[in-house]
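Engineer: Based on what follows, work out the 3D shape:
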Amino acid sequence: MKRLALALALLVAPMAGAAERHVPPGQGSLASAIAGAAPGDVLVLTDGAYTGPVTIDRPLTVRGARGAVVDGQGHGSVITITSPDVTLQGFAVTGSGAMNQQLDAGVKILKGADRAVIENLLLQDNMHGIDVHGGRDVRVANNEIIGRQNARMNERGNGIYIWNSPGTVVEGNSVRYGRDGIFSNTSRKGTYRNNLFRDLRFAVHYMYTHDSEVSGNISIGNHLGFAIMFSDRVQVLNNLSLGDREHGLMLNYANSADVSGNLVRGGAKKCLFIYNAHKNLIYDNRFQDCGIGVHFTAGSERNVLTGNAFLSNREQVKYVGTRHVEWSFEGRGNFWSDHPAFDLNGDGIADGVFRPNDLMDHILWSQPAAALLTGAPAVQLIRWSQASFPATLPGGVTDSYPLIAPLDIPVPAEILAYEAEAAGRWAKGDYNDIDPENLVTH
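Structural biologist: Got it, this is the predicted structure:
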């Protein structure tokens, strides 16, 4: 016990003598200040340029106003953190190297650099904004990240890259340009909430990230909103996807997720794409004005869809399969804007069953050229027969308890302005080099 007490005293002693040190701008001044600092010191930056790269190898706080700029001058990562309990606050970071293979970044947090706090920084013109690469329980909050805009989007870096860093919290950040807003790979127990993503490939891109939360985020005018891939037990809650191009939300080999309170609206080819994803609870979402409301394929099983609203999608459901699938739960189904329903007893549940697809839909999916016959009398007769005699249907989605009224998910006024700015973007053919359904391009 005496040895333990002595060890704790030696650990705390340097922190007790921590000092606040003002660091003037200039060549090498920040690196010199770090080398001469004691654990726990606070280094205060003033307006001006500080040359990097620098490495922080002891517990320190570095803070300053936006006028203080740490510039890596195009070499490697601008600030590399190797020590636990480091805090960066307030200043600007720019000028990382351009080596994507080396994950050059504005701020890089390595294994062992646990409990780092990165907040209120401006990170601009870096390959990756912040690379959390092995540090545990890191907090990345309220930063503004403006990525590079070189021609090929896949050759840019991510706003925030998280690899093998359990317990990471990313909240309140604004990310624009670059490749992905957040790319989380081979990690777990992260919380990614209340971030704003614009002009990116993916807003949030998950690969092998389990037991985590994506909530309250806003994706506007990106190629794809929220891609949850090869990840289990993810909570996808209360996010907005507005004017994204390909999919608002994608569940690809994602299992046992809770997907609730999300709004996907405007422009996406598919509001929701479910591919080989099982045992997911998808409820109280609003999917609106997409090419396809939900594309459901690749043997996805034991998913529950209830309380969702499907409004004004050109095709509400594309289900590629012949099994009968029920999309209601405990007597509560979904709202369908193309369902001419009655509710004679006033219980909020339509009196008729809704089936979004018929045999002709299956034919059109497999033989697109057959669309030329859509208005033919024979096709209309087949559709009338199947509507009148449901036993002739070849399988597909059935909602036995469709809702009479849709839920509403409001959008803040300032976000509506961003949505209007991005409206119509994809009609101009600005598609860059992404194929979200080709895993090689990820």
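Engineer: only C-alpha atoms for contact and neighbour calcs from this point on.
Structural biologist: OK.
Engineer: What's the local residue count around Ala151?
Structural biologist: Neighbour count for Ala151, taken as other CA atoms under 10 Å: 10.
Engineer: A helix includes it, no?
Structural biologist: No. Counting by DSSP: H, G, I helix; E, B strand; the rest coil, Ala151 is not found in a helix; it is coil.
Engineer: average model confidence for stretch 89-106?
Structural biologist: Across stretch 89-106, pLDDT averages out at 96.
Engineer: Could I have the CA atoms of it written out in PDB?
Structural biologist: Coordinates of each C-alpha in stretch 89-106 appear next as PDB, following Å, rounded to 0.1, in the frame of the first residue of the first chain:
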ATOM      1  CA  GLN A  89      -9.100  23.700 -28.100                       C
ATOM      2  CA  GLY A  90     -10.100  26.600 -30.300                       C
ATOM      3  CA  PHE A  91      -7.300  27.200 -32.800                       C
ATOM      4  CA  ALA A  92      -6.900  26.400 -36.500                       C
ATOM      5  CA  VAL A  93      -5.000  23.500 -38.000                       C
ATOM      6  CA  THR A  94      -4.100  23.300 -41.700                       C
ATOM      7  CA  GLY A  95      -1.600  22.000 -44.300                       C
ATOM      8  CA  SER A  96      -1.200  18.300 -43.700                       C
ATOM      9  CA  GLY A  97       0.600  16.100 -46.200                       C
ATOM     10  CA  ALA A  98      -1.300  14.600 -49.200                       C
ATOM     11  CA  MET A  99      -0.500  10.800 -48.600                       C
ATOM     12  CA  ASN A 100      -3.900   9.100 -48.200                       C
ATOM     13  CA  GLN A 101      -2.100   5.800 -47.700                       C
ATOM     14  CA  GLN A 102      -0.300   7.200 -44.600                       C
ATOM     15  CA  LEU A 103      -3.600   8.800 -43.400                       C
ATOM     16  CA  ASP A 104      -2.000  12.300 -43.200                       C
ATOM     17  CA  ALA A 105      -4.300  14.300 -41.000                       C
ATOM     18  CA  GLY A 106      -4.800  17.600 -39.300                       C
END
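Engineer: what sits up against it?
Structural biologist: Here stretch 89-106 makes contact (CA atoms under 8 Å, 6 or more residues apart in numbering) with 45, 61-79, 107, 118-131, 155-157.
Engineer: and with 6 Å instead?
Structural biologist: Outside stretch 89-106, the residues that touch it by CA atoms under 6 Å, 6 or more residues apart in numbering are 63-66, 68-78, 119-130.
Engineer: One more: stretch 216-233?
Structural biologist: Residues outside stretch 216-233 that contact it (CA under 6 Å, 6+ apart): 193-211, 238-257, 422.
Engineer: Any figure for the gap between the residue nearest to Gly28 when sequence neighbours are not counted and Asn285?
Structural biologist: Nearest residue to Gly28, sequence neighbours excluded (CA to CA, 6 or more residues apart in numbering): Thr51, at 6.0 Å. Noted for Thr51: a distance of 48 Å to Asn285, by CA to CA, to the nearest Å.
Engineer: ok, these two, which is more surrounded?
Structural biologist: Asn285 (26 against 20).
Engineer: show me what contacts that one?
Structural biologist: Ser260, Gly261, Asn262, Leu263, Asn308.
Engineer: Looks like the first one contacts Leu240 (just checking).
Structural biologist: Right, the one you point to is Ser260. No. In this structure Ser260 lies outside contact range of Leu240 using CA atoms under 6 Å: 11.1 Å.
Engineer: out of these two, which sits in the more crowded spot?
Structural biologist: More crowded of Ser260 and Leu240, by other CA under 10 Å: Leu240, with 27 against 21.
Engineer: Arg265 is in contact with the more buried one, correct?
Structural biologist: No. Counting by CA under 6 Å, Leu240 does not reach Arg265; the two are 8.1 Å apart.
Engineer: list residues touching both of those two?
Structural biologist: In contact with both Leu240 and Arg265: no residue, using CA under 6 Å, 6+ apart.
Engineer: ok, Leu237 touching Ser260?
Structural biologist: Yes. Assessed by CA under 6 Å, Leu237 is found in contact with Ser260 at 5.0 Å.
Engineer: out of the contacts of stretch 89-106, which are inside strands?
Structural biologist: Using DSSP state E, the subset of the contacts of stretch 89-106 located in strands is 63-64, 68-71, 119, 122-124, 128-130.
Engineer: Can you tell me which of those residues is closest to Phe296?
Structural biologist: Nearest to Phe296 out of these is His128 (CA to CA; 33.9 Å).
Engineer: Quickly list what that closest one is bridged to.
Structural biologist: Ala105 (DSSP bridges).
Engineer: what's the spacing between it and Arg156?
Structural biologist: 8 Å.
Engineer: separation between the residue nearest to Gly28 and Leu122?
Structural biologist: According to CA to CA, Thr51 stands 16 Å off from Leu122.
Engineer: again, but for Ala116
Structural biologist: Applying CA to CA to Ala116 and Leu122 gives a distance of 17 Å.
Engineer: likewise Thr82?
Structural biologist: Distance of Thr82 to Leu122, computed by CA to CA: 21 Å.
Engineer: State the number of residues packed around Pro412.
Structural biologist: Using other CA under 10 Å, Pro412 has 7 other residues around it.
Engineer: returning to that earlier point: looking at Ala116 and Leu122, which is more packed in?
Structural biologist: Ala116 (28 against 22).
Engineer: correct me, but the more buried one touches Arg136?
Structural biologist: No. Using CA under 6 Å, Ala116 is not in contact with Arg136; the gap is 8.2 Å.
Engineer: who's in contact with stretch 193-207?
Structural biologist: 171-177, 179-185, 214-230.
Engineer: pLDDT wise, what is the nearest residue to Val44 once chain neighbours are set aside at?
Structural biologist: Closest residue to Val44 apart from its sequence neighbours, by CA to CA, 6+ apart: His22 at 4.7 Å. We note a pLDDT of 96 for His22 in this prediction.
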